[in-house]
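Undergrad: what's the 3D shape of this:
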Amino acid sequence: MKKMCESCGMPLKDGVKGTNSDGSLNDKYCSYCYANDEFIHPDATVEKMRETSVKGMSEKGMPKFVAKLMTSRMSKLPRWKQADTSKPAE
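TA: The predicted model follows:
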């Protein structure tokens, strides 16, 4: 099973991994969600993150219904299961 971003579900590979404060690649979050040891949208709700993801995928040519299907289980990802979404899951 491929590793996925724990915030949006995007498949993680070196070209899209987020970064830690020391510049190293983060193995839990993608660059659309996480940079320099912080969430890019720290106050986002899972609903807002899903809307943003669907919009981004649609703009890249993915049919909207497919994008919605791909993000339908986003609330089950580790970032959204924890109470404090301003810090990454340990």
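
Undergrad: What's the per-residue pLDDT of residue 86 here?
TA: pLDDT recorded at residue 86 is 51.

Undergrad: Quick check: buried residues in stretch 17-35?
TA: Neighbour-count burial for stretch 17-35, counted by 16 or more other CB atoms under 10 Å, picks out 17-20, 26, 28-35. Any C-beta I mention is one placed from the backbone N, CA and C, and that applies to glycine too.

Undergrad: what's the single longest helix in the chain?
TA: helix 46-59 (DSSP state H).

Undergrad: What are the buried residues along that one?
TA: Across helix 46-59, burial judged by 16+ other CB under 10 Å covers 46, 49, 50, 52, 53, 54, 57.

Undergrad: Leaving out sequence neighbours, find the closest residue to the last one.
TA: Excluding the flanking residues, the one nearest residue 57 by CB to CB, 6 or more residues apart in numbering is residue 67, at 3.9 Å.

Undergrad: Show me where the protein has its strands.
TA: Assigned by DSSP state E, the chain shows strands spanning 17-19, 25-30, 34-35, 38-39.

Undergrad: out of those strands, nearest to residue 62?
TA: strand 25-30 (16.1 Å; CB to CB).

Undergrad: Could you name the helices and strands sitting against that closest one?
TA: Applying 3 or more CB pairs under 8 Å, 6 or more residues apart in numbering; DSSP states H and E, one finds that strand 25-30 contacts strand 17-19.

Undergrad: Can you list the strands that the strand it packs on pairs with?
TA: Sheet pairing of strand 17-19 (DSSP bridges) gives strand 25-30 (antiparallel).
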